[in-house]
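In: got a sequence here, can you build the structure:
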Amino acid sequence: MDQGPCEKRLKRYVLTVEHPDQIPANPVEQAGFELRLDRMTPDQALMCLQRAGGQNCLATYRSIPHFGHADPSTRASIGWPLRLNLAQQGCAAIDIEWDEPELKQKIQAIQALGKKVVLSNHSRTQTTLPIDAPILGLLGKTDCLKWIVTGENTAFFQNQRQAYAERWPCQMVYFAMGGDFWASRILSLLYGAPFTFVRADDQPALAPGLMSLSQIQSLDLPNIGFEEVQLFAVIGLPIGHSRSPFWHTPRLRESNPDSLLLPLPCASAADWELLQHSFPELRGSAITKPMKEIVARYLSDTHPLGAVNTWIKQKSQEFAANTDFEAIKSLLTPFKSHATVRILGFGGLGKAAAQAALDMGFRVQVCNRTRPNINLIDSRLELVDWQNRHSPGAEILIQCTSVGMEPEPESSPLDEIPSDCLVFFETIYHPLETRILQQAQRSGIQTISGTDLFEAQAAIQNDWFKNALAN
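Out: Numbering: from 1, shown residues only. Down below sits the predicted model:
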């Protein structure tokens, strides 16, 4: 159904507003507004429409089953008359929920006004898109199916890509909510979605994984299709907090303006294989917990450290490296006069730290909650039982556990710092200052932060990525 020459295109980025005061005096050119009618009065809705300009607005009356605030029974008595009135007053697009009563009549009423229909569904479990549903036959090329789910596992990214490859009678917005799934919002744009939702830079997220306007603008590539993107990733779980996308992407674009690095949740070898299958064009990846050792085992014949944090694919060949190893060596160099290093935690990062310290000539102690077989790694390593982690005997302490990371920043791997510790090296950067790092700083101990480590290893990693772009 062709609805004529009327302009029904929403702005690429849609800011959700719940009050007229949230609409700035000088709106960003690329941003439109979703008017959350379930959170405002009719008078406030009309004021929002006037301030934003109707051609920039999507009117939504979100019910509780669709993660909103309105009782579903009020959609016909309150929500529909209000949306219809806004459409008559010039609102460009009207959201209609998938399970509303009299759905056909409502769609046709909005189309008769020359406005864009956004047929929406929000679900925690209903991930399958209704490509054969008869109601979609009412939607024209300028209308939109908006299908929002809650991200649960890596398989969503394969489902998302396959969904956008189908032939639909209308446009589509399909992504997953969740802090570890915000990449799906950018991918949906690259696959062809007409818009996505963002928040103002100074406002909190109204939904998990909702990006700020400046964040999405720094990563989005609005003038190209996905087949042109030079794609990189950072993988692990949790992953939504990673700084890597915002650190690497601008630097990669110095070499190729179509570069993009996104966070993709990945927690097993099966997840890793699924991502490679879902994104065969993936050029390289930064690797974080718990994948460092898993990917190393995947490439077992080339990595003596037993853990990697960088993966590169060039043509049919795969390469991997551990830039943590080189970065830790560089950060420890000013402290070579000290004799002993104690490593807390012996996962992928702990192994890299231990090997780096050994290479530099330190005596190295390993302290882990479960007792590792350190002789399989290097016979020079010494084992300290976890219950003795507070005991004196090491001038440098390297904290390689995940204890103290968000969402539990008040936790700590130590009740107190050993009395003879002179240098405390924290590897966590989310939060920027963990509780134990702050304690070390207050005690006058020299510190190396997780941010120091992130930036040192990322600089080496970025050279690997740029080399992949050049070949």
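In: tell me where the protein has helices.
Out: Assigned by DSSP state H, the chain shows helices spanning 42-52, 74, 80-88, 103-112, 155-165, 183-191, 213-219, 244-252, 269-278, 291-298, 323-332, 348-359, 435-442, 450-470.
In: what residues does the last one touch?
Out: Counting contacts by CB atoms under 8 Å, 6 or more residues apart in numbering, the residues outside helix 450-470 that touch it are 230, 232, 243-244, 247-248, 251-252, 255-256, 259, 261, 283-284, 286, 309-310, 312-314, 321, 323-324, 326-328, 330-331, 425-430, 432, 434, 437. Where C-beta positions appear, they are placed from N, C-alpha and C, glycine not excepted.
In: so, low pLDDT: which residues of this structure?
Out: 1-9, 28, 300-304, 376 (pLDDT under 70).
In: ok, 50 please
Out: For the chain, the stretches with pLDDT under 50 are 1-7.
In: quick check, central residue of it?
Out: residue 240 (3.6 Å; CA atoms, centre = their mean).
In: look up the closest residue to that residue, ignoring the ones flanking it.
Out: residue 179 (3.7 Å; CB to CB, 6 or more residues apart in numbering).
In: ok, how many other residues are close to the one you found?
Out: A count of neighbours around residue 179, defined by other CB atoms under 10 Å, yields 18.
In: do residue 166 as well
Out: With neighbours defined by other CB under 10 Å, the count for residue 166 comes to 9.
In: so what does the closest residue to it other than its chain neighbours look like in phi/psi?
Out: Ranked by CB to CB, 6+ apart and with sequence neighbours excluded, the top spatial neighbour of residue 166 is residue 131, at 5.6 Å. Main-chain torsions, residue 131, degrees, to the nearest 10: phi -60, psi -30.
In: now residue 131: how far from residue 149?
Out: Distance, residue 131 to residue 149, by CB to CB, to the nearest Å: 15 Å.
In: my read is that residue 139 contacts residue 107, right?
Out: Yes. Residue 139 is within contact range of residue 107, at 7.2 Å (criterion: CB atoms under 8 Å).
In: find residues that contact each of those two.
Out: Contacts common to residue 139 and residue 107, judged by CB under 8 Å, 6+ apart, are 117, 119.
In: still on that earlier bit, residue contacts, the residue nearest to residue 240?
Out: 208-209, 238, 240-241.
In: neighbour-wise, which of these leads?
Out: residue 209 (20 neighbours).
In: spatially nearest residue to it (excluding sequence neighbours)?
Out: What sits nearest to residue 209 in space, not counting adjacent residues and going by CB to CB, 6+ apart, is residue 182, at 4.0 Å.
In: returning to what we had before: and the residue nearest to residue 240, how far from residue 67?
Out: With CB to CB as the criterion, residue 179 and residue 67 are 15 Å apart.
In: quick one: the strands in the stretch 301-450 of the chain, in order.
Out: Counting by DSSP state E, counting those that start in this stretch, the stretch 301-450 of the chain has strands at residues 310-314, 317-321, 340-344, 363-367, 382-383, 396-399, 423-426, 446-448.
In: off-centre distance for the last one?
Out: I take that to be strand 446-448. Centroid separation for strand 446-448 versus its chain: 29 Å, with CA atoms, centre = their mean, to the nearest Å.
In: so what secondary structure elements neighbour it?
Out: strand 423-426, helix 435-442 (3 or more CB pairs under 8 Å, 6 or more residues apart in numbering; DSSP states H and E).
In: may I see these organised as TSV, with distance to residue 191 added?
Out: Formatted as TSV, these follow (distance: least, CB to CB, whole Å):
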stretch	distance to residue 191
strand 423-426	39
helix 435-442	41
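In: any idea which of those is most buried?
Out: Most buried of those by mean neighbour count (mean count of other CB atoms under 10 Å) is strand 423-426; its value is a mean of 24.
In: ok, it: who's next to it in the sheet?
Out: The pairing partners recorded for strand 423-426 under DSSP bridges are strand 396-399 (parallel), strand 446-448 (parallel).
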